[in-house]
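Participant: using only what follows, build the 3D model:
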Amino acid sequence: MSETKALPLVILDGMLETLKDPGAWTKFTYARDADGNEVLSQDPRAECWCLAGARNRQVRRLSSDRGIDVAFDAEQTTMHFIRRSLQGRMRETVVGFNDHPDTTHADVIALLKDARADIVAYLED
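Facilitator: Numbering: from 1, shown residues only. The predicted structure follows:
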């Protein structure tokens, strides 16, 4: 498997690491600081992120390491698998899923783990 082909897994693993603690997850904005104020997802003051904010954070890191084109391609593949995992969860978009009143931190982690399993299966083909 090529290193580039595995980059979506790098993004997804980074998202899981970013959101692993319930206090590191938020709704209705990309990221918040310790006082609950909205900040950019890559802001060093950010302490919690939504799904999209966690993705943005990881893609920004990857683009710094590998370049914007490589990061963009990896992001598109990552989002393909996340959207595929959304099927059957009664939400059409990542933001709609994250921000829905019934969505919990456990739901978000389960979604990411499902997408991760799909990426691993894809990489093994």
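Participant: could you give me the average pLDDT of stretch 106-125?
Facilitator: The average pLDDT within stretch 106-125 is 95.
Participant: check stretch 22-33 too.
Facilitator: Averaging pLDDT along stretch 22-33 yields 98.
Participant: and that stretch, how far out from the chain middle?
Facilitator: Averaging C-alpha coordinates over stretch 22-33 and over its chain gives two centres that are 12 Å apart (C-alpha atoms, centre = their mean, to the nearest Å).
Participant: which of the residues in it are buried?
Facilitator: Burial within stretch 22-33, assessed by neighbour count using 16 or more other C-beta atoms under 10 Å, is assigned to 24, 25, 26, 29, 30, 31, 32. The way it works is simple: take the backbone N, C-alpha and C, and place the C-beta from them, glycine included.
Participant: now intersect these with the strands, please.
Facilitator: With DSSP state E as the criterion, strands contain 31, 32 from among the buried residues of stretch 22-33.
Participant: much appreciated, bye for now.
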